[in-house]
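Generate coordinates for the sequence data below:
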Amino acid sequence: MKRLFFYLLFAAIIVAGYAMYTNKDMGLMQISFAGHNYQATLFEVGVGALALLLTWLVLSYSFQLLKTFSERFGEKRSQRLVEKARHSQERGLIELAEGRFDKAEKLLLNKIEHNENTLSSYLAAARAAHYQGAHDRRDDYLRQAHISTPDASLAIGLTQAGLQLEHNQTEQALATLNRLNEQAPLHACVLKLLAKAHCKLADWNSLRDLLPDLQRVEALGDEKLLSLEIETWCGLINDRAKTGNVDTLTLLWDEMPSNVKIIPEVVEHYASELIRLHASGEAEQVLRDYLDHSWAESTLMLYAELDVMATDKQISTVESWLLNHPHNEHLLLALGKMCISTNNWGKARSYLEASLSVKPMPATYLKLAQLLEDHMDDQLQAEEYYRQGLHMLSGDFGEQALAKAEKDFERIIMQPELRVI
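Numbers count the residues shown, from 1 in each chain. Reported below is the predicted structural model:
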């Protein structure tokens, strides 16, 4: 529109000038101002106006050319700076991966103001500073990351919590993760780090409350979740056992979900703590109930270590297991011990000798020797079983080991109290 106006004005001036020239009438213009008079012909005025117009057009065009050149030059310079920043970031990430943290930190911060992805550079620089032990710089880079990208607060917080956990700043990490959990409930990564923090703090009650959420969002694989469940419930068992109160411990067992009570590691740990608290009868029942419905060799081995008064009903239950496990040395040992508790010496000897025939074990030799010596008046055979058991314990059947075993045997014979389990 402006150009059209100037074109029309220019055309009008030319037409008017031509008309005045052909009529030989140049016209006259007079201006009076502050006592001064200025006179000029219209032709001169027109020529002056035309000169001003041409000057304006030249200057306008020159300015436009200068502006275009400046923009193009600035754009290329900006592109070069962005390219340098991107190259520095790539080199910095390589140095970080290769463990040259000081160099990585410098490269990652080089021309970061021209970087198109300042968030990743600040987060990587925070890691580089962290691995150098510069935790103040680490936290400063994380603050800068938040300023540069406020919408990435969750990613920044997860990075911060992870680095805090690596440096054993567990309580600070827990505070960070609790804030993130309020910001993004049921976020898988947040829950995983929360579980890690609670494990480090041995806060098993909090971890027990967290387990359903971890399972709901499938934050962990089945194997890792099972491992975490075992660690959590065994930790809770330890805490309750430290009170020294058997009732407090058994109350926890009653509170356990049914799916946890069929995990052999948990059953065995619970039974072991009961035994430590001198509640072997309760431990026997827990182990027997588990083995009657499930089977784990480690659980049976723990059951075979028990020395408790057994009833005929208990023996009958354990004997039923022989149908599926007739040649299990630990099961036979357990039955031999149970029969001893009921004064059934003949049956006990049969079970213990059967256990030895399957797989000799020092504990079986000792139990059988005690049975023969204390209740069946067979001192000679008892001595032989003592000797064989000592040979097994030595782990070497050479002359020196044999002499040592015989010396130990004589000491046991002379001091019967050492043979009591």
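
Need the nearest residue in space to H375, chain neighbours excluded.
Nearest residue to H375, sequence neighbours excluded (Cβ to Cβ, 6 or more residues apart in numbering): W345, at 4.9 Å. Heads up, the C-betas are built off the backbone N, CA and C, glycines and all.

quick one, strands of the stretch 201-350 of the chain?
Assigned by DSSP state E, counting those that start in this stretch, the strands in the stretch 201-350 of the chain number zero.

which regions of it sit below the pLDDT cut-off?
By pLDDT under 70, the stretch 201-350 of the chain has no low-scoring segment.

In it, what residue spans correspond to helices?
Along the stretch 201-350 of the chain, the segments classed as helices by DSSP state H, counting those that start in this stretch run 204-216, 222-241, 246-255, 264-276, 280-293, 297-304, 312-320, 329-341, 345-358.

coming back round to it: in terms of contact, does the residue nearest to H375 touch Q370 like I think?
No - using Cβ atoms under 8 Å as the test, W345 is too far from Q370 to be in contact (11.3 Å).

which one of these two has more residues nearby?
The residue with more neighbours, out of W345 and Q370, is Q370; 19 against 15, by other Cβ atoms under 10 Å.

what about that one, which helix or strand?
helix 362-375 (DSSP states H and E).

Show me how far the next helix-or-strand element following that helix is from its chain's centre.
Reading on from helix 362-375 to the C-terminus, the next helix or strand found by DSSP H and E is helix 379-394. Put simply, helix 379-394 sits 52 Å off its chain's centre (Cα atoms, centre = their mean, to the nearest Å).

can you start the count at 13 instead of 1 from here on
Okay, using 13 as the starting number, the last item reads as helix 391-406.

avg pLDDT for helix 391-406?
Helix 391-406 comes out with an average pLDDT of 88.

Which secondary structure elements does that helix sit against?
When contacts are defined as 3 or more Cβ pairs under 8 Å, 6 or more residues apart in numbering; DSSP states H and E, helix 391-406 packs onto helix 374-387, helix 411-426.

weakest of the ones you listed by average pLDDT?
helix 411-426 (a mean of 49).

since we're on T130, how many residues are nearby?
Neighbours of T130 (other Cβ under 10 Å): 18.

Not counting sequence-adjacent ones, nearest residue to it?
Nearest to T130 is S160, by Cβ to Cβ, 6+ apart, at 4.4 Å.

again, but for L219
Closest to L219 by Cβ to Cβ, 6+ apart is H210, at 4.2 Å.

Determine the angle, from 0 to 180 degrees, between the helix or strand harbouring the one you found and helix 234-253.
Taking DSSP H and E as the definition, H210 sits inside helix 200-213. If you take axes from the mean of the first three to the mean of the last three Cα atoms, to 10 degrees, helix 200-213 sits at 30 degrees to helix 234-253.

Show me what helix 200-213 packs onto, helices and strands only.
Against helix 200-213 (3+ Cβ pairs under 8 Å, 6+ apart) you get helix 165-178, helix 182-195, helix 216-228, helix 234-253.
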